[in-house]
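Chemist: Attaching a predicted model along with its sequence, questions to come.
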Amino acid sequence: MNLADLHKPTCEEAFRQVVAHRTMLEAYVQAIIRDPSVADDILSDVILEIVRNWESYDKTRPFAPWARGVARRVAADGLRARGQQPVLLENEVLESIGGQLDAMGNESRLNLRLRALNQCTEHLTGTHRQLIRLRYFENRPYEEIARTVKRSVNALYVAFNRIHEALIDCVHKRLEHV
């Protein structure tokens, strides 16, 4: 493929699909390739392979399963090229992961969910926002958070369970009105 080929309308559609499904592809590749730096390289290879094979893609079928098939093949080839034996998950497991990723929606749907989550997080109490910040933004372990907020680890598990449930309910309610 040369640079002139990238301007063909079919390649533009391929890139649009890749952009719309990038998060799904990235998560799928990371499920197969557990090394983040290798997964990033493989994802680039997957995108190129999707564009190269766009003409063979049956446009009457859903894009995501086809793209995951490309990703699975490219990931295995990429690991072999690096001298690593691919340890792929069972096809049923990969399909289950793919189904869960499909249920999350495309990039625009994910952005709506993220926006709703951000709005819902703003409505949490200050204490709950602090717990979210410590755990998910500062990536602190539960034991450290427990010492910081002077609670037991079990109390934190209960608090996080309640926070998660509240956020899930809030996000669902916000998305019902979209």
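Modeler: Received, thanks.
Chemist: Grab the most central residue of the protein for me.
Modeler: Nearest to the mean C-alpha position of the chain, counting by Cα atoms, centre = their mean, stands Ala27 at 3.8 Å.
Chemist: Identify each buried residue in the one helix or strand that one maps to, please.
Modeler: Element membership for Ala27 (DSSP states H and E) is helix 22-32. Judged by neighbour count (16 or more other Cβ atoms under 10 Å), helix 22-32 contains these buried residues: 23-26, 28-32. Just so you know, the C-beta spots here come from the backbone N, C-alpha and C atoms, and that holds for glycine as well.
Chemist: What mean pLDDT does stretch 67-84 get?
Modeler: The average pLDDT for stretch 67-84 rounds to 86.
Chemist: cool, stretch 146-158 as well?
Modeler: Average pLDDT, stretch 146-158: 92.
Chemist: before we move on, back to that, what's whichever helix or strand comes after the helix holding Ala27 in contact with?
Modeler: Sequence order places helix 36-52 as the next helix or strand after helix 22-32, per DSSP H and E. For helix 36-52, the surrounding residues in contact (Cβ atoms under 8 Å, 6 or more residues apart in numbering) are 1, 6, 11, 14-15, 17-18, 25-26, 29-30, 32-33, 57, 67, 70-71, 73-75, 78-79, 82.
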